[in-house]
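In: Take this sequence and fold it.
(one chain, ligands or ions: 3)
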Amino acid sequence: MIPRWTTAVLDTDQPGGWAVARSPEGFLFDDNGALFPREWLKRQDLSILAEHGIGHLDGEPVYLLELRSQSEVPGCNWKGLRAFMLEGDHTVYKVLGYAAQIGTWAREHRFCGNCGQATHQVVRERAMYCEPCDLRYYPRISPSMIVLVTRGDEILLGRSPRFVPGVYSTLAGFAEPGESAEDCLIREVREEVSIEVRNIQYMGSQCWPFPHSMMLGFHAEYASGEIVCQEDEIEDAQWFNVHALPPLPASRSIARYLIDVYVARRLGHAEPVLPG
Ligand SMILES: NC(=O)c1ccc[n+]([C@@H]2O[C@H](COP(=O)([O-])OP(=O)(O)OC[C@H]3O[C@@H](n4cnc5c(N)ncnc54)[C@H](O)[C@@H]3O)[C@@H](O)[C@H]2O)c1
Ligand SMILES: [Mg+2]
Ligand SMILES: [Zn+2]
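Out: Ligands and ions are numbered 1, 2, ... in the order given. So this is what the prediction gives:
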């Protein structure tokens, strides 16, 4: 099957196509969604910081207008990517997730980290270039491990103080330099709940554009230890029986997928599919 959305580096001098507009407050929407005829959108009163050609949706070119600030466009409103992830069309969510990552990266790499001079976009490659240093800055992706630890009918879930009240999720954390995915997972579980794990099994991955994580999902079995929550990071963590689960993360997240797969296996139900 041909994917509806493919990324590409498009020439912004070519007219036409669709465009999405992003400000620090989110994406612009009207009743038809987040994709606007590009030439129309560029005629609106927007403070455009940069334009990026980002790919093709159903064969049509798509551009991102990265704005300095939010502005009023009649009949339109601004909505954050997280809110859209929960309710919006999944393919459009992928377009916006990619746009958000490209917009953030380009905005944060307008100057060279080595010499401080202005960088410029490389033609036909997703990179910012510093000529005096001959350095290229590529989009930033941060590998993060996420793991469901289980003990028979029980699963280990925790709460960060940043979570929606009541929700418990799988443990997660960013890889540090020098670590393998497994090293990172073992360290994160040890740091966050003081538990040791074994039989680590890779389950799948998910792009998480908040702002630039690449989630690598695993299942692991409990090996030893008692739960001790890491101060400031983990507000509470518990073993939950698969028959008595707390409020869980959003259904499109890999956290939810890891939980749903395990519960389905324990209960003999059909396994869910990870949203791409
Ligand atoms: N898709 C999902 O289902 C899902 C579920 C849970 C967490 N996540 C994501 O996983 C990522 C990691 O989870 P976490 O927040 O528990 O991480 P974590 O346990 O490593 O702790 C977060 C802390 O790490 C530091 N940090 C931030 N960015 C970093 C980076 N790029 N590299 C190293 N350290 C960094 C900060 O001090 C931050 O407060 C986050 O982006 C989170 O949003 C995704
Ligand atoms: Mg964490
Ligand atoms: Zn430089």
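
In: just how off-centre is the biggest helix by length in the chain within its chain?
Out: The residue-count maximum for a helix in the chain (DSSP state H) belongs to helix 90-108. On the basis of C-alpha atoms, centre = their mean, to the nearest Å, helix 90-108 sits 9 Å off its chain's mean C-alpha point.

In: What about contact with ligand 1: does it have any residue there?
Out: No. Legend: contact between helix 90-108 and ligand 1 by C-beta under 6 Å from any ligand atom is lacking; minimum distance shown is 11.2 Å. C-betas here are computed from N, CA, C, even on glycine.

In: Which positions in that helix come out as buried?
Out: 92-106 (16 or more other C-beta atoms under 10 Å).

In: Can you list phi and psi of the residue lying closest to Ala127 once chain neighbours are set aside for me?
Out: Excluding its sequence neighbours, the residue lying closest to Ala127 (C-beta to C-beta, 6 or more residues apart in numbering) is Arg136, at 4.4 Å. Arg136 has phi and psi values of phi -110, psi 140 when expressed as degrees, to the nearest 10.

In: who touches Arg136 in this structure?
Out: Residues near Arg136 by C-beta atoms under 8 Å, 6 or more residues apart in numbering: 122, 125, 127-129.

In: got a winner among those residues for most neighbours?
Out: Within these, Met128 tops the neighbour count with 22 neighbours, counted by other C-beta atoms under 10 Å.

In: tell me the domain boundaries of the chain?
Out: Per automatic domain parsing, the structural domains of the chain span 5-108, 142-267.

In: Ok, which of these comes nearest Val273?
Out: domain 142-267 (8.2 Å; C-beta to C-beta).

In: per-residue confidence for the residue nearest to Ala127?
Out: The per-residue pLDDT reported for Arg136 equals 98.

In: Can you give me the neighbour number for the residue nearest to Arg252 when sequence neighbours are not counted?
Out: Among residues not flanking Arg252 along the chain, Pro275 sits closest, at 4.9 Å (C-beta to C-beta, 6+ apart). For Pro275, the neighbour count with other C-beta under 10 Å is 15.

In: mind checking the SS state of Pro275?
Out: Under DSSP: H, G, I helix; E, B strand; the rest coil, Pro275 falls in the coil class.

In: go on, Arg82?
Out: helix.

In: State the helix or strand in which the residue lying closest to it once chain neighbours are set aside lies.
Out: On the basis of C-beta to C-beta, 6+ apart, the spatially nearest residue to Arg82 that is not a chain neighbour turns out to be Phe210, at 6.8 Å. Phe210 belongs to no helix or strand when assigned by DSSP states H and E.

In: What about Phe210, how many residues nearby?
Out: There are 12 residues near Phe210, going by other C-beta under 10 Å.

In: Tell me if I'm right that it and Leu81 touch.
Out: Yes. Look at Phe210 against Leu81 with C-beta atoms under 8 Å: they come within range, at 7.3 Å.
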